[in-house]
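Enquirer: Quick check, what structure comes out for this input:
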Amino acid sequence: MGDHFAETEGYDAYAKAAEVLRKVGESGFLDGFMDASAYGTPAQIIEQFGARRELMGDFELATNFRFGGIPFEEATNSMRLFAAEVLPELQTW
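Expert: Below you'll find the model as predicted:
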């Protein structure tokens, strides 16, 4: 969120992003990030993806099961649950 990118050659996009982040603030950024992420139970994730598909049509699915220090076993369990309960529904779309 710093302003140093504005003076760094080749970092125009970073400067613009930092400007937006300063305007929305940290909590605004986090709210936006969470709104753009699909998380929860398999039914909730399917519902969130359905709303996204309704809004913008078909979209590329990009999932991430391990971030922020989530233990490997927990990420693996989440990935398996997603594969078993969410992916079959998405494949019918």
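Enquirer: how far away is the residue nearest in space to the middle of the chain from Ile45?
Expert: Residue closest to the mean C-alpha point of the chain, counted by Cα atoms, centre = their mean, is Ser37 at 3.6 Å. In this structure, Ser37 and Ile45 are 10 Å apart, going by Cβ to Cβ, to the nearest Å. Bear in mind the C-beta positions are built from the backbone N, C-alpha and C, glycine included.
Enquirer: Quick check on the residue nearest to the centre of the chain: phi, psi?
Expert: Backbone torsions of Ser37, given as degrees, to the nearest 10, read phi -100, psi 140.
Enquirer: so what's it up against?
Expert: Residues near Ser37 by Cβ atoms under 8 Å, 6 or more residues apart in numbering: none.
Enquirer: Could you report the neighbour count for Ile45?
Expert: Residues lying near Ile45 (other Cβ atoms under 10 Å) number 20.
Enquirer: Going forward, the N-terminal residue is numbered 26.
Expert: Okay, using 26 as the starting number, the last item reads as Ile70.
Enquirer: Show me how the record splits this protein into domains.
Expert: Per automatic domain parsing, the domain ranges recorded for the chain read 26-61, 64-118.
Enquirer: I'd like the average pLDDT over the longest helix along the chain.
Expert: Longest helix in the chain by number of residues (criterion: DSSP state H): helix 37-61. Across helix 37-61, pLDDT averages out at 77.
Enquirer: What are the contacting residues of it?
Expert: With Cβ under 8 Å, 6+ apart, helix 37-61 has contacts from Met26, Gly27, Asp28, Phe30, Ala31, Thr33.
Enquirer: Which of those residues ranks first by neighbour count?
Expert: Using other Cβ under 10 Å as the neighbour criterion, Phe30 leads those with 17 neighbours.
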